[in-house]
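# Fold the following.
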Amino acid sequence: MIAVVSFASPVPITNVNSQTKYGTLTYLYYETSSGPASSTPSTNTALIPTSSSGSYSIAQASTAYLWSPQFGSATTISAGNWVLGLWAASASTIVSYVPITITNSQSSATPSQFQEKITWNPSSYTSYEASNLGNIRFYSSSAFTTPLYAWLESCTPSLANTATSATAWIKLTTPIAGNGGTQTIYMAFLSTTTDFDGNYWGDTPNLSGTYGANDNGANVFSFYDNFKGTSLSSKWTSVIGSSGASIAINNGLIVTTTSTGSNAYAFVISATQPYPAVAETYTSSGNSILGVTTTDSTNGFVAPYTGYSMDYYNGYDYLEYQASSGSGSSVHSITQSTFPTGVWQVTWSATASEYFADGAGNTYTGTYSGASIANYGIYVGQSNGVIASSVFRWARMRAYPPNNVMPSVSFGSVSIAVNAIQVSIYVTNSAGSKQSTVASNVQSPTIGSSAAQYEIEFAGSQVSVPQNGYIAISLVAPQTASYTVYWGSGQPTNFQVPYRVLSS
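Numbers count the residues shown, from 1 in each chain. Now for the predicted structure:
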């Protein structure tokens, strides 16, 4: 919202030269109150400015009211073309966008906070994207007023707008109804000079630049850590079984065992998260284990008590349930000659039901009769079976999709964004109440990325301004980033009165 300012006492306006076309609106009142609807804001809310010139920002989709000179006597404004000169610049604009329709085919709705996975081909949008995809943002509506948190997980074969596949996670804040319910979000392309902001748009820690510099995973997922730096975050409890096992942080988690035996294991375990949830990690080597558990008490075997886990051990993926008695039970194994680098997933979704996936694309869905369901946390680490070092890049938990089926995604066509301001002009009385409308919701020319004058002409009938009344100008920025408007001496004058219209 534009700040409230006024910078002069009302005085009569005389002899605006129609030949010059513009007469500067020397006396402006910027209002913070909303309106006019049935009435406009009271001029009593105006504040004294700190200088005779300056600039202000109009936030996305906000309404700002700029009150022109107060007329000291009743004044008639002749019929003719009203001319408004607006000097404005948009610091960061949405150039184009693509609607994305998300469809939930399952019988139940998605959770109210839900991470949706989308995959697209960046090379299809090369002319709109920055070279590193840093200018992408996601929004919940075509008004582009509410950005959504999003995290770029992968881009292949490299982080570039010529890549053929990219995957991102979008945090949705409203549920998608079941049985074919849909929700449309918008992938917007800002100026190609725009980069990741590390807040609404970020990426996996080693995808671009300094490790974790753009990583906003904590804003997207219900639990997230990228093991940045050299010390373990307070998000974790470390469990080290013996002097033959260790945990180190060096822009990634490294879990090492130098001996084997019943007590040679090491893990990091998070606090419990609301059930149900999906646990995932990116791991690249070792005798890695990913699991979920209701407790941080270890059983001396490969994992904490009561939970599901998967691990890579001597050429196999083992999918296991760890019983509270301390014994382990292998429920499935997959021959795997090389370490399945990539994103691993363990989901504990319902009594006696579990799902596993590894970085090589192997999956397993099974049951185990001894399972009990409760809120649980994620753990990653290494067991006592081999001498090795396991490396983890990040670990996270996210909302469980209905029946563990991610809603489908379809992309629409590219549309060019209209970066404009909606302008309305009103006549008010001395109290600020609307008397008549001169122009309503007229769109300005497209606002560029640098300051320029944007002239708008309004065809209007003769209007009368009462004694001590005002001309009020309303601005609404319907989308994109904030606009800057200028006022006062030494600045490009932003609001200028109509020609052939003012008299004393």
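# what packs against the helix or strand where Leu152 lies?
Per DSSP states H and E: Leu152 is located in strand 150-156. Contact analysis of strand 150-156 by 3 or more Cβ pairs under 8 Å, 6 or more residues apart in numbering; DSSP states H and E lists strand 136-139, strand 165-172, strand 201-203, helix 217-220 as its packing neighbours. All C-beta spots, glycine's among them, are computed from the backbone N, C-alpha and C.
# now those as CSV including distance to Ala277, mean neighbour count and mean pLDDT?
Below are the helices and strands packed on strand 150-156 laid out as CSV (distance: least, Cβ to Cβ, whole Å; neighbours: other Cβ atoms under 10 Å; pLDDT from 0 to 100):
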stretch, distance to Ala277, mean neighbour count, mean pLDDT
strand 136-139, 22, 23, 96
strand 165-172, 14, 20, 98
strand 201-203, 21, 27, 98
helix 217-220, 14, 19, 98
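# Going by neighbour count, list what's buried in the strand holding Leu152.
By 16 or more other Cβ atoms under 10 Å, the buried positions in strand 150-156 come out as 150-155.
# Might one say that Asn199 is in contact with Asp215?
No - contact criterion Cβ atoms under 8 Å: Asn199 and Asp215 do not qualify, at 10.7 Å.
# The stretch 401-504 of the chain: strands as residue ranges?
Counting by DSSP state E, counting those that start in this stretch, the stretch 401-504 of the chain has strands at residues 408-411, 415-416, 422-428, 434-443, 452-460, 463-465, 470-476, 483-488, 496-497.
# Could you verify that Ser124 is part of a strand?
No - Ser124: not assigned to a strand; according to DSSP: H, G, I helix; E, B strand; the rest coil it is helix.
# so how many other residues sit close to it?
14 (other Cβ atoms under 10 Å).
# low-scoring pLDDT stretches of the stretch 151-300 of the chain, where are they?
The stretch 151-300 of the chain contains residues with pLDDT under 70 at 296-300.
# go with 90
Applying pLDDT under 90 to the stretch 151-300 of the chain flags residues 191, 193, 208-209, 239-245, 257-266, 275-276, 285-289, 291-300.
# show me what contacts Ala395?
Each residue near Ala395 by Cβ atoms under 8 Å, 6 or more residues apart in numbering is listed here: 223-225, 227, 253, 270, 279-281, 290, 378, 380.
# Output these as JSON lines; include the columns distance to Ile334 and secondary structure.
Below are those laid out as JSON lines (distance: Cβ to Cβ, whole Å; DSSP: H, G, I helix; E, B strand; the rest coil):
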{"residue": "Phe223", "distance to Ile334": "27", "secondary structure": "strand"}
{"residue": "Tyr224", "distance to Ile334": "28", "secondary structure": "strand"}
{"residue": "Asp225", "distance to Ile334": "28", "secondary structure": "strand"}
{"residue": "Phe227", "distance to Ile334": "27", "secondary structure": "coil"}
{"residue": "Leu253", "distance to Ile334": "24", "secondary structure": "strand"}
{"residue": "Ser270", "distance to Ile334": "26", "secondary structure": "strand"}
{"residue": "Ala279", "distance to Ile334": "19", "secondary structure": "strand"}
{"residue": "Glu280", "distance to Ile334": "18", "secondary structure": "strand"}
{"residue": "Thr281", "distance to Ile334": "18", "secondary structure": "strand"}
{"residue": "Leu290", "distance to Ile334": "14", "secondary structure": "strand"}
{"residue": "Ile378", "distance to Ile334": "21", "secondary structure": "strand"}
{"residue": "Val380", "distance to Ile334": "19", "secondary structure": "strand"}
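# domains in this protein, as residue ranges please.
18-86+420-497, 94-220, 225-401 (automatic domain parsing).
# Could you export those to CSV, including columns for distance to Pro407?
Output for the domains of the chain, formatted as CSV (distance: least, Cβ to Cβ, whole Å):
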stretch, distance to Pro407
domain 18-86+420-497, 26
domain 94-220, 4
domain 225-401, 7
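# who has more neighbours, Asn199 and Asp215?
Using other Cβ under 10 Å as the criterion, Asn199 and Asp215 rank with Asp215 on top: 25 against 11.
# Spatially, and excluding backbone neighbours, which residue is closest to that one.
Pro205 (4.7 Å; Cβ to Cβ, 6 or more residues apart in numbering).
# Quick check: that neighbour is in a helix.
No - counting by three-state DSSP, Pro205 is not part of a helix but coil.
# Around it, count how many other residues there are.
With other Cβ under 10 Å as criterion, Pro205 counts 22.
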